[in-house]
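**Student:** Here is the input, now give the coordinates:
(chains A, B, C and D)
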There are 2 protein chains.
Amino acid sequence: MTVIKLAPRRRDATRTRSALLAAAAELFADRGYDGATVREIGERAGVDPTLIARYFGSKAGLYLETVQTGEPPADLLNRDRLVALLDRMSRSGVGPVLQAAVRPHAEDDIQRASTEALHDRLVTPLRERLATDGTTADSQLRAEAAVAAFAGIALGAKSGAFPALAAATTEQLVSVTVSLLDGVRS
Amino acid sequence: MTVIKLAPRRRDATRTRSALLAAAAELFADRGYDGATVREIGERAGVDPTLIARYFGSKAGLYLETVQTGEPPADLLNRDRLVALLDRMSRSGVGPVLQAAVRPHAEDDIQRASTEALHDRLVTPLRERLATDGTTADSQLRAEAAVAAFAGIALGAKSGAFPALAAATTEQLVSVTVSLLDGVRS
DNA sequence: CCGTGATGTCATCAACTGTAGACAACGACT
DNA sequence: AGTCGTTGTCTACAGTTGATGACATCACGG
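**Tutor:** Coordinates of the predicted model:
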């Protein structure tokens, strides 16, 4: 067993690493991968930006790690899950993976990792839900469309283009989202 | 760096102007405002990029003009309109205004013009449709949510994050979109 | 106490961006 | 022909971006 130091060290690689990860998650969610700069991330984390290169290799490496440490898989047709998801987004932003749903990334690594996370956490659970509910035809297409629609709503509420959507309470948001997503069973 | 020798072209301001507009519309729709560079736009238009500054004042001015020359207002609950809209998007891209639905722009002018176009062409017609159909409660919120969801689907089909959505025929796309949007009446 | 690796700081680079301005080529006019 | 506004070409610049490497400073084991 390794001895755990309780006294906070002035120099703590683990701490700066997690600070960078947290700041990156916020900024990537807010402005997308390209929009967030390493200098901003460093400033928000209270850390020198060049440490990103040291601990994550590059900005892309930081993004990939950000994507991995995300929300657990959620079935969008489950109202409780949807509430939890929308509630968290209204507080801490929308998450980097949803950005990838509507916007292609230039780098392949970024695109692939984001897509994979999106499917693992949202598309696949929904497709399986549709299958168990009896809707087998086009279940993959339906699931993808529903997730895409959800991404549109979640991002639209933050984009500034939809004032009523941005001003809505979580309950209202849940209600209208449920109304829309329910149609996926057709 | 390869230097492309251009064939001697007739001097025509109107022509270069429209060439720049067309190229800009494609690239803005494809990569967003920030993602499209003036050099790319110029290259696609077969025109020197600095002419953007001459004819439109700046990249932002070019974007604003691009936004103005868009699709006519469409009611998303009208199936024919939806078909036409999705069909055009599958051919010539998704249009710059839908980008603004899910992604905030840094500059205020850009954001405001995009939002205005989005509401004039999609949100307001849909809200009025909902009102005449009897759904008066929260009609603004419902209309915005539906447009945001539609934007998610349209952009998702092009983002590379949804393979089934990207491979779907226009008919399939229309079908699943109608299923989802119909729920907005709830 | 001291050295050595870990951690942080700093200056700087090359690439890219939008934009400006000097210059050249064209063409309609007297 | 000659003039001059219009249109196109080219270079350059200041700003930003991600990334690199040299240097400084700390922490811990000997």
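**Student:** so does stretch A:156-174 get close to chain B?
**Tutor:** Yes - with CB under 8 Å from any CB of the partner chain as the criterion, chain B is reached by stretch A:156-174 at A:156-165, A:168, A:172-173. Using the backbone N, CA and C atoms, a C-beta is placed for each residue, glycine as well.
**Student:** Now that stretch: average pLDDT?
**Tutor:** Stretch A:156-174 shows a mean pLDDT of 95.
**Student:** In it, which residues have enough neighbours to count as buried?
**Tutor:** Residues of stretch A:156-174 classed as buried by neighbour count (16 or more other CB atoms under 10 Å in any protein chain shown): A:156-162, A:164-165, A:168, A:172-174.
**Student:** Dump the residues you listed to CSV, plus distance to DNA strand C and secondary structure.
**Tutor:** Shown next, in CSV, are the buried residues of stretch A:156-174 (distance: CB to the nearest atom of the strand, whole Å; DSSP: H, G, I helix; E, B strand; the rest coil):
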residue, distance to DNA strand C, secondary structure
A:156, 25, helix
A:157, 28, helix
A:158, 24, helix
A:159, 20, helix
A:160, 21, coil
A:161, 21, coil
A:162, 26, coil
A:164, 32, helix
A:165, 29, helix
A:168, 34, coil
A:172, 38, helix
A:173, 34, helix
A:174, 39, helix
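**Student:** which of these lies closest to residue B:45?
**Tutor:** residue A:161 (27.7 Å; CB to CB).
**Student:** Now do the same for the closest residue to that closest one other than its chain neighbours: its pLDDT.
**Tutor:** Once flanking residues are discounted, residue A:161 sits nearest to residue B:115: 4.5 Å by CB to CB, 6 or more residues apart in numbering or on different chains. Note for residue B:115: predicted pLDDT of 96.
**Student:** residues contacting residue B:115?
**Tutor:** A:160, A:161, B:100 (CB atoms under 8 Å, 6 or more residues apart in numbering or on different chains).
**Student:** now residue A:100
**Tutor:** Listed by CB under 8 Å, 6+ apart, the contact set of residue A:100 reads A:110, A:111, A:114, A:115, A:117, A:118, B:159, B:161.
**Student:** Please work out how many residues are found near residue A:69.
**Tutor:** Other residues within reach of residue A:69, judged by other CB atoms under 10 Å in any protein chain shown, total 10.
**Student:** Surely it is in contact with residue A:24?
**Tutor:** No - with contact defined as CB atoms under 8 Å, residue A:69 does not count as touching residue A:24 (10.2 Å).
**Student:** Can you spell out which helices and strands pack onto the helix or strand bottoming out on mean pLDDT in chain A?
**Tutor:** Using mean pLDDT, DSSP states H and E, helix A:79-92 stands out as the lowest-scoring helix or strand of chain A, at a mean of 88. Judged by 3 or more CB pairs under 8 Å, 6 or more residues apart in numbering or on different chains; DSSP states H and E, helix A:79-92 is in contact with helix A:139-159, helix A:170-182.
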